[in-house]
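**Q** No sequence on hand, only this structure:
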């Protein structure tokens, strides 16, 4: 390809580096990028109606594909609209090539209405940021961005693309750049951890990141079987492989009280691929550091190191002849009666299909989900790593683009759904195999809990008004149908089972409005 403009060289370089999906919500400054898509047919463009859908879809795509997607966002306000799900991606260490258009270089001096400090906003993601200055540079900048996004453990790489750099002639396609691999853990650290495991004192092992895939889970289970160490998965793993045939490892609790119970009596906490546990929020009179008082913390592998190899090395020292403990196949029976927080999860556990991908934003309604699905066929769970709600529908969308041959199940709380519900339109347009179950309890139930836990006075009419999602009740069936997604409503376990099975059997997206009373 000759006589390229900047946008054409950018897209061609991305494709050559393996980035062949771009989730986009473009504006005027990005029109030459949009036009260039026709000259590089290998790049798939996926339109999102809101930037939070775009960035969340890129997150979900990369968690499943194991490689980055690109985004295309319009100036600083577009980046701002997408920031919450980029925050979740940052916490998940998800590789994303985040392309943000900007005004032409010569136009910035005029302080036009959409002018803003894009560099500062992008810098808040603690990733990689570069501003391209000339069409001939954009190819090399794009290659560097793809590599930076994939540098272990993964991050958001933001490439700022001025309009005149995009439309200017003289673009050059760059050769892909190899990302930096995870750093190995030294033998002395492995030996020290093995000695802690053999000390005879109570030990907890907290795993995260790549350790949540099969090889890491198997190594951790061998270590636990040989030494008696308590093993936990970090509270919100980016992607957790689980189900029959894999070790069933408990996740660390969300509430500080849960963690205190799980770690009670522990004298040593070993962290592998994650960080020591802290409270999600500060609460009056309660500690923020959730490591038991007096317990020592030992880091086997930080988030940028090869945690899977480190766990395998430890297992070879302390569990050389020990087999992992695997979850046997088991399913709950399909329940009956009105839907409750206890029985809707049994429906999912009873009917979850092979190789499912669960995008879990059920929040308080889903507290019992892990137990109900532990023995289901093998599946992946994607969780809300950064706590910024409105992630579930977009992440499910991106996961379905990454794995069109796998069923994607979005378990979605009603309040969080409304942040990014336009993701349904993208699912319909792309005919994505996503089944969304909205857990409709007409409330911000998690905030009702937090109102009590922070010690604030509760129960007043004004306070309750801000935590209530009724008056009017939202009709998710009509909303979904308005977005082009077939939808039904379930009020009993039998209805949910029938509708869930039917949705799984039919191609394309579906939504089920499951009316479930709040757990709290």
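**A** Now that the structure is in, tell me what you want to look at. Remember, it's a predicted structure, so these values are computed and weren't measured experimentally. Residues are numbered from 1 along each chain as shown.

**Q** ok, residue 114 - contacts?
**A** 75, 76, 77, 103 (CB atoms under 8 Å, 6 or more residues apart in numbering). C-beta: built from backbone N, CA, C; applies to glycine.

**Q** Which of the residues you listed sits closest to residue 321?
**A** residue 76 (58.6 Å; CB to CB).

**Q** So that closest one lies in a helix, does it not?
**A** Yes: according to DSSP: H, G, I helix; E, B strand; the rest coil, residue 76 belongs to a helix.

**Q** residues in contact with it?
**A** By CB under 8 Å, 6+ apart, the residues touching residue 76 are 100, 114, 115, 116, 117, 118, 121.

**Q** Let's see which of those end up in strands.
**A** Among those, DSSP state E puts residue 100 in strands.

**Q** C-terminal to the worst-scoring helix or strand of the chain on mean pLDDT, what's the next element?
**A** Sorting the helices and strands of the chain by mean pLDDT, DSSP states H and E puts helix 445-453 at the bottom, at a mean of 64. Downstream of helix 445-453, the first helix or strand assigned by DSSP states H and E is helix 461-465.

**Q** What is the distance between that following helix and the centre of its chain?
**A** A distance of 32 Å separates the centroid of the chain from that of helix 461-465, by CA atoms, centre = their mean, to the nearest Å.

**Q** Quick check: buried residues in that helix?
**A** Neighbour counts using 16 or more other CB atoms under 10 Å place no residue of helix 461-465 among the buried ones.

**Q** Now do whatever helix or strand comes next after it: everything it contacts.
**A** Beyond helix 461-465 in the direction of the C-terminus, DSSP H and E gives the next helix or strand as helix 476-482. Residues outside helix 476-482 that contact it (CB under 8 Å, 6+ apart): 414, 417, 421, 424, 436, 438, 440, 486-489, 511, 513.

**Q** cool, stretch 7-18 as well?
**A** Under CB under 8 Å, 6+ apart, the answer for stretch 7-18 is 1, 4, 20, 22, 32-33, 35-37, 39-40, 42-43, 67, 70, 97, 99, 135, 138-140, 142-143, 146-147, 159, 161, 166-167, 171-177.

**Q** Apply 6 Å and report the result again.
**A** Residues outside stretch 7-18 that contact it (CB atoms under 6 Å, 6 or more residues apart in numbering) are 32-33, 36, 39-40, 42-43, 67, 70, 138-139, 142-143, 146, 166, 171-174, 176.

**Q** now those: which count as buried?
**A** Counted by 16+ other CB under 10 Å, these give 32-33, 36, 40, 43, 67, 70, 138-139, 142-143, 146, 166, 171, 173-174 as buried.

**Q** Farthest pair within those residues?
**A** 32 and 67, at 25.3 Å, using CB to CB across the buried ones among the contacts of stretch 7-18.

**Q** if I read this right, residue 422 contacts residue 49, doesn't it?
**A** Yes: with contacts counted by CB atoms under 6 Å, residue 422 reaches residue 49, the gap being 4.1 Å.

**Q** Now the two most distant members of the contacts of residue 114.
**A** Maximum pairwise distance among these (CB to CB): 12.3 Å, between 77 and 103.

**Q** which helices and strands sit right next to the helix or strand hosting residue 86?
**A** Under the criterion DSSP H and E, the helix or strand holding residue 86 is helix 83-92. On a contact count with 3 or more CB pairs under 6 Å, 6 or more residues apart in numbering; DSSP states H and E, helix 83-92 meets helix 51-65, strand 156-162.

**Q** How far does the longest one sit from its chain's centre?
**A** Between the mean C-alpha location of helix 51-65 and the chain-wide mean there is a distance of 8 Å, by CA atoms, centre = their mean.

**Q** Residues contacting that helix, please?
**A** 23, 25, 48, 68-69, 71, 73, 78, 81-82, 84-86, 89, 94-96, 238-239, 382, 390-391, 394-395, 397-399, 401-403, 420, 422-423.

**Q** Tell me where the model's unsure across the stretch 301-450 of the chain.
**A** Within the stretch 301-450 of the chain, the stretches with pLDDT under 70 are 444-450.

**Q** List the backbone torsions phi and psi for residue 287.
**A** Reported as degrees, to the nearest 10, the phi and psi values for residue 287 are phi -70, psi 150.

**Q** how much space between the spatially closest residue to it that is not a sequence neighbour and residue 370?
**A** Distance criterion CB to CB, 6 or more residues apart in numbering; nearest residue to residue 287, sequence neighbours excluded, is residue 279 at 7.1 Å. For residue 279, the distance to residue 370 (CB to CB, to the nearest Å) stands at 21 Å.

**Q** These two: which has the busier surroundings?
**A** residue 370 (18 against 15; other CB atoms under 10 Å).

**Q** Identify the residue nearest that one in space, chain neighbours excluded?
**A** Spatial nearest neighbour of residue 370, excluding adjacent residues (CB to CB, 6+ apart): residue 251 at 6.6 Å.

**Q** Just the element for residue 315, please.
**A** helix 307-318.

**Q** Any figure for the gap between residue 286 and residue 257?
**A** The gap separating residue 286 from residue 257 is 9 Å, by CB to CB.

**Q** Got phi/psi on the closest residue to residue 477 other than its chain neighbours?
**A** Using CB to CB, 6+ apart and skipping the chain neighbours, the partner closest in space to residue 477 is residue 487 (4.3 Å). Dihedral angles of residue 487 (phi, psi; degrees, to the nearest 10) stand at phi -150, psi 150.

**Q** pLDDT at residue 487, what is it?
**A** pLDDT, residue 487: 98.

**Q** Could you number the chain from 58 rather than 1 from now on?
**A** Sure, I'll start numbering at 58, so the last one becomes residue 544.

**Q** For it, give me its contacts.
**A** Here residue 544 is in contact with 534, 537, 538, 568 (CB under 6 Å, 6+ apart).

**Q** go with 10 Å
**A** Shown in contact with residue 544 (CB atoms under 10 Å, 6 or more residues apart in numbering): 481, 493, 495, 532-538, 556, 560, 566-570.

**Q** How much space separates the closest residue to residue 226 other than its chain neighbours from residue 232?
**A** Nearest non-adjacent residue to residue 226, counting by CB to CB, 6+ apart: residue 62, 5.5 Å away. Separation of residue 62 from residue 232 (CB to CB) stands at 19 Å.

**Q** do the same with residue 336
**A** The value you get for residue 336 to residue 232, if CB to CB is used, is 46 Å.

**Q** now residue 412
**A** 35 Å.
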